[in-house]
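Student: how would this look folded up:
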Amino acid sequence: MDSETVVVDVISDIMCPWCFIGMKRLDEARAIAQVPVTVRWRPFQLDPTLPREGKDRARYLTDKFGGEPRVEAILERISEAGHAAGIDFAFDRIKLSPNTLDCHRLIRWAFHDDAQEKLVSALFHAYFTEGADLTDHATLAAIAGDCGMDASLVAHLLATDTDVAATKAEIAAAQQIGVTGVPCFIVNGKYAVMGAQRSQDLADIIAKAADEAKAEAEAEAQTLAQAQAQAQAQIPQPSVAL
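Tutor: Numbering: from 1, shown residues only. Reported below is the predicted structural model:
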């Protein structure tokens, strides 16, 4: 990877609408910053206690937020933010709040197929605009196949415990560094940005990280050149007989 490429690790959860909005704002930020950016998607579960088969969405939200009026107010606010980001949330289509552990395993595997960004976007769209059941392995395998992954292999792996422990360990690692909510953007391993911040704010941080990386690369190159010059000066010159 080029030393001037900015790496953005996005800690998120597929069932989080603000993470979907954050993805869109990150896309805009990359366009504004106009520097090379590599995005890596990291797992987080807002509610790991959900059963693997999920829970009725309406009941889950009512239990979580304390009544339908509050739920409606929250969803209206999210819908407005989503519309501004180019997302048409279809909350009425969502029947199930999923346990997203399998989604995160799938995203982990997508990294090796260079398909993470495409897959994450597809999962967000499937859940929030189509109401897809993300606990269903056949659904996940089909989405993976549409993103260029081996759907048959994905279906086989989802039926096993492959990378369950590794995914949970990565979630625990995020919690240990202080991540309690998502999205969280970690830029070049130096700057942590919590929440779905404005695109311009993300762009400013990305540009700052790029400038710092460029300066560090130039300083390292200068140090290396000076060391090579000093080493060359210490080499004894051959004597020439006259």
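
Student: only C-alpha atoms for contact and neighbour calcs from this point on.
Tutor: Will do.

Student: mind checking how far stretch 133-146 is from the chain centre?
Tutor: 19 Å (Cα atoms, centre = their mean, to the nearest Å).

Student: I misspoke; the intended subject was stretch 112-132.
Tutor: Chain-centre distance of stretch 112-132: 11 Å, with Cα atoms, centre = their mean.

Student: which residue ranges of the protein form helices?
Tutor: 17-33, 57-65, 68-84, 101-112, 116-130, 137-146, 151-158, 164-176, 199-233 (DSSP state H).

Student: looking at the ones you listed, which is closest to residue 7?
Tutor: Taking Cα to Cα, helix 199-233 is the member of the helices of the chain nearest to residue 7, at 8.8 Å.

Student: looks like residue 213 contacts residue 4 (just checking).
Tutor: Yes - counting by Cα atoms under 8 Å, residue 213 touches residue 4, with 5.5 Å between them.

Student: related to what we said a few turns ago, pick out the shakiest of the helices of the chain, pLDDT-wise.
Tutor: Lowest mean pLDDT within the helices of the chain: helix 199-233, at a mean of 83.

Student: got the buried residues for that helix?
Tutor: By neighbour count on 16 or more other Cα atoms under 10 Å, the buried set for helix 199-233 is 199, 200, 202, 203, 205, 206, 207, 209, 210, 213.

Student: for stretch 125-134, same thing?
Tutor: 125, 126, 127, 128, 129, 131, 132, 133, 134.

Student: kindly report the same for stretch 30-44.
Tutor: 30, 32, 33, 35, 36, 37, 39, 40, 41, 42, 43, 44.

Student: mind checking which of those residues land in strands?
Tutor: 37, 39, 40, 41, 42, 43 (DSSP state E).

Student: distance check, residue 26 against residue 20.
Tutor: Between residue 26 and residue 20 the computed distance is 10 Å (Cα to Cα, to the nearest Å).

Student: what's opposite residue 184 in the beta bridge?
Tutor: Beta-bridge partners for residue 184, by DSSP bridges, are residue 11, residue 194.

Student: going forward, the N-terminal residue is numbered 25.
Tutor: Okay, using 25 as the starting number, the last item reads as residue 208.

Student: what about it, how many residues nearby?
Tutor: 24 (other Cα atoms under 10 Å).

Student: residue 215 is in contact with that one, correct?
Tutor: No - contact criterion Cα under 8 Å: residue 208 and residue 215 do not qualify, at 10.1 Å.

Student: same list (the ones in strands among the buried residues of stretch 54-68) but as JSON lines, adding distance to residue 88 and pLDDT.
Tutor: Below are these laid out as JSON lines (distance: Cα to Cα, whole Å; pLDDT from 0 to 100):
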{"residue": "61", "distance to residue 88": "36", "pLDDT": "97"}
{"residue": "63", "distance to residue 88": "31", "pLDDT": "98"}
{"residue": "64", "distance to residue 88": "30", "pLDDT": "98"}
{"residue": "65", "distance to residue 88": "26", "pLDDT": "98"}
{"residue": "66", "distance to residue 88": "25", "pLDDT": "98"}
{"residue": "67", "distance to residue 88": "22", "pLDDT": "98"}
